[in-house]
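> Have a look at this prediction, sequence included:
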Amino acid sequence: MAKMIHSMIRVLDEARSVAFYEAAFGLSVAERLDFPDFILLYLSNPESTFELELTVNKGRSEPYDLGDGYGHLAVSVVDAAAEHARMEAAGLAPRKIVDFAPAGQVIARFFFIADPDGYQIEVLERGGRYL
């Protein structure tokens, strides 16, 4: 059976992206690999063994076109309202909290936040299938 270990996104500014993921999700650089044309950064925290890989292509000055194929990353938190307030206080501009209740019963509580490159991240309150 396969084990999911990381997801990769391309970012324009290493310092800006590392600062965002640290402030928003407590992720820090577990490993940094510097190659002639690009840098790979593996970010993680004690909550999970899954990592976010940031790829920084050296010499690139134009933002990436995310196109219409990218969906989002998702993380789970104990208290969506508390995390939303913390991120808002840190100036990270999370979008409004949504209680998703398609049949009248809340099955998910979440909000989205965009990273400095425009990648969307869903922040789900832990519960049900979102542990």
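Structure's in. What do you need? All of these numbers come straight from a predicted model, not from anything done at the bench. Numbering: from 1, shown residues only.
> Against residue 55, how distant is residue 14?
10 Å (Cβ to Cβ, to the nearest Å). For the C-beta atoms, the positions are set from N, CA and C on the backbone; glycine is no exception.
> So for these two, which residue has more residues nearby?
Neighbour totals were compared for residue 14 and residue 55, and residue 14 leads with 16 against 13 (other Cβ atoms under 10 Å).
> In PDB, could you pull the C-alpha coordinates for stretch 37-46?
Taking Å, rounded to 0.1, in the frame of the first residue of the first chain, the C-alpha atoms of stretch 37-46 are listed here in PDB:
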ATOM      1  CA  ASP A  37      18.800  26.000 -10.800                       C
ATOM      2  CA  PHE A  38      16.300  25.500  -8.000                       C
ATOM      3  CA  ILE A  39      15.700  25.000  -4.200                       C
ATOM      4  CA  LEU A  40      13.600  22.400  -2.600                       C
ATOM      5  CA  LEU A  41      12.200  23.100   0.900                       C
ATOM      6  CA  TYR A  42      10.400  20.500   2.900                       C
ATOM      7  CA  LEU A  43       8.100  21.900   5.500                       C
ATOM      8  CA  SER A  44       6.500  20.000   8.400                       C
ATOM      9  CA  ASN A  45       5.300  20.200  11.900                       C
ATOM     10  CA  PRO A  46       4.900  17.700  14.800                       C
END
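> Mind checking the pLDDT average for that stretch?
Averaging pLDDT along stretch 37-46 yields 97.
> next helix or strand past the longest helix along the chain?
The residue-count maximum for a helix in the chain (DSSP state H) belongs to helix 14-25. Sequence order places strand 28-34 as the next helix or strand after helix 14-25, per DSSP states H and E.
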